[in-house]
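**Q** attaching a predicted model along with its sequence, questions to come.
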Amino acid sequence: MATAKRDRLADFRDEWDETVTIPRAIDAGLKALGEDFQVEGAFIKRCGISPIKFSAFRDQYADFWLEVRKAGKSPQRVWCGTKEFAAQCRKAANGQA
């Protein structure tokens, strides 16, 4: 009985290639959020990624985050678990909800 030949390069990329591992970690973080939100610093910790590496992939997930500002404070990025929830939060932040 022959065993299936493993794709060694795919195995390597799956474990070490940051273009694979970082999006997978972000996707897992988004899935864990579900219909909830989290400020970016806490979300980065949830994903287990360094902020510098995370920032390189942020724009690929633009539909999942928004910037909000509390009175007298600097703007913060807030991440939402789904695109739909992020859209609802954008409307609420703009006074439309």
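**A** Alright, I've got the coordinates.
**Q** going forward, measure contacts between C-alpha atoms and count neighbours the same way
**A** Will do.
**Q** which non-adjacent residue is nearest Asp14?
**A** Nearest residue to Asp14, sequence neighbours excluded (CA to CA, 6 or more residues apart in numbering): Val20, at 6.2 Å.
**Q** need the contact list for the residue nearest the centre of the chain.
**A** In the chain, the centroid-proximal residue (CA atoms, centre = their mean) is Ile26; its distance is 3.8 Å. Counting by CA atoms under 8 Å, 6 or more residues apart in numbering, Ile26 makes contact with Cys47.
**Q** list the buried ones in the strand or helix carrying it?
**A** If you go by DSSP states H and E, Ile26 is part of helix 18-33. Residues Ile22, Pro23, Ala25, Ile26, Gly29, Leu30, Leu33 are the ones in helix 18-33 that count as buried (16 or more other CA atoms under 10 Å).
**Q** let me see the backbone angles for Trp65.
**A** Main-chain dihedrals, Trp65, degrees, to the nearest 10: phi -140, psi 160.
**Q** quick revisit: adjacent strands (with direction) for the next helix or strand after the helix holding Ile26?
**A** Next helix or strand after helix 18-33 toward the C-terminus (DSSP H and E): strand 37-39. As defined by DSSP bridges, the strand partners of strand 37-39 come to strand 76-80 (antiparallel).
**Q** what helices or strands is the helix or strand just after the strand it pairs with leaning on?
**A** Sequence order places helix 83-93 as the next helix or strand after strand 76-80, per DSSP H and E. Packing contacts for helix 83-93, counted by 3 or more CA pairs under 8 Å, 6 or more residues apart in numbering; DSSP states H and E, involve strand 65-68.
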